[in-house]
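Trainee: I would like to see how this sequence folds:
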Amino acid sequence: MSNNSSVISVSPEIMSGTPVFTGTRVPIQTLLDYLTAGDSIDDFLDGFPTVTREQVITFLEEAGKQMISKVA
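Mentor: Numbering: from 1, shown residues only. The predicted structure is shown next:
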């Protein structure tokens, strides 16, 4: 997954270069924190309405593909 995929954006002008969902100021790490804590995608989306379900699903699919390709 590149640093500037269709879902992830990295720019020094936005959140000091923290990877965020494109078009938002919501860090990718926040989604991971929610999921690690046992919260649902819906819980995350309720808290961060600027992120779309499509962005979350695309991110998770891309992350999964990257992990699989690293172990295959």
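
Trainee: what about this protein, any weak spots by pLDDT?
Mentor: 1-5 (pLDDT under 70).

Trainee: Can you tell me the centre-most residue of it?
Mentor: Centroid check for the chain by Cα atoms, centre = their mean gives Ile28 as the closest residue, at 3.6 Å.

Trainee: For it, which non-adjacent residue is spatially closest?
Mentor: Setting aside the residues directly before and after it, Ile28 is nearest to Pro19 in space (Cβ to Cβ, 6 or more residues apart in numbering), at 4.7 Å. For glycine as for every other residue, the C-beta is placed from the backbone atoms N, C-alpha and C.

Trainee: how many other residues sit next to the one you found?
Mentor: 20 (other Cβ atoms under 10 Å).

Trainee: Likewise for Thr24?
Mentor: A total of 16 residues lie near Thr24 under the criterion other Cβ under 10 Å.

Trainee: Verify the stated contact: it with Thr50.
Mentor: Yes. Counting by Cβ atoms under 8 Å, Thr50 is a contact partner of Thr24 at 4.3 Å.

Trainee: quick one on the thing from earlier: which ones are touching the residue nearest to the centre of the chain?
Mentor: 8, 19-21, 59 (Cβ atoms under 8 Å, 6 or more residues apart in numbering).

Trainee: Could you report the separation of it from Leu35?
Mentor: Note on Ile28: its distance to Leu35, by Cβ to Cβ, to the nearest Å, is 11 Å.
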